[in-house]
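[1] Build me a model:
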Amino acid sequence: MTFVLWVCRSMHIFGVTVWLGGLMFQSAVALPVTQFEGAEAQMAMRKISRRFVDFIWMSVWTICITGVLMMLLSPRFVWFQYPDQWSVLLGVKQVIFVLMMLYAFGHARMLRLMETGSGEAGELFRHRANQFRKISIALGILAVLLGAAMNLS
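    Reported below is the predicted structural model:
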């Protein structure tokens with residue numbers, strides 16, 4: 001059982017790293033560079049973002065499955081009861097994960113709509129996609145901090 005927990009925890013961390021690391025790279029490195037490089041670079045960034053959506057879904061499913069397995073294999077887990085700090089942190093982390101998934105859906109949708117929208121509509125979709133990316137990053141960092149707090153409690 002220890003090996004299964006070790007594998008689940010490793011895959012969970014890997015999924016979080018791919019998801020958050022990719023979003024942070026896009027926001028902190030790729031987008032600022034492409035903003036000043038013209039339409040061709042912005043088109044390449046859109047293609048990169050669309051391609052990264054597949055990695056987001058791979059990460060979401062990895063995080064979801066490994067998180068559920070770790071939760072169910074933990075002796076501290078009790079269904080819908082929050083008797084201690086660990087359980088409360090787990091409940092909050094689950095809510096944040098659901099919110100992250102909703103924003104991932106929104107981000108993917110905005111990227112699709114950016115292709116069809118032009119002018120003012122395209123700019124609105126681009127702005128929304130950037131907002132969803134930033135909110136996902138903030139929620140992801142919060143989830144990582146909650147996970148660290150769960151290990152300490």
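
[2] Now do the helix or strand of the chain with the lowest mean pLDDT: distance to the chain's middle.
    Least confident helix or strand of the chain, by mean pLDDT, DSSP states H and E, is helix 31-35 with a mean of 80. On the basis of Cα atoms, centre = their mean, to the nearest Å, helix 31-35 sits 21 Å off its chain's mean C-alpha point.

[3] Mind giving me the packing neighbours of it?
    If you count contacts as 3 or more Cβ pairs under 8 Å, 6 or more residues apart in numbering; DSSP states H and E, helix 31-35 packs onto helix 39-73. For the C-beta atoms, the positions are set from N, CA and C on the backbone; glycine is no exception.

[4] Can you list the buried residues in the helix or strand just after the helix it packs on?
    Downstream of helix 39-73, the first helix or strand assigned by DSSP states H and E is helix 85-116. By 16 or more other Cβ atoms under 10 Å, the buried positions in helix 85-116 come out as 86-87, 89-90, 92-93, 96-97, 100-101, 103-104, 106-108, 110-111, 113-114.

[5] for stretch 73-84, same thing?
    Per 16+ other Cβ under 10 Å, stretch 73-84 contains no buried residues.

[6] I'd like the distance between the residue nearest the centre of the chain and Met58.
    In the chain, the residue lying closest to the centroid (Cα atoms, centre = their mean) is Trp19, at 4.9 Å. Distance of Trp19 to Met58, given as Cβ to Cβ, to the nearest Å: 9 Å.
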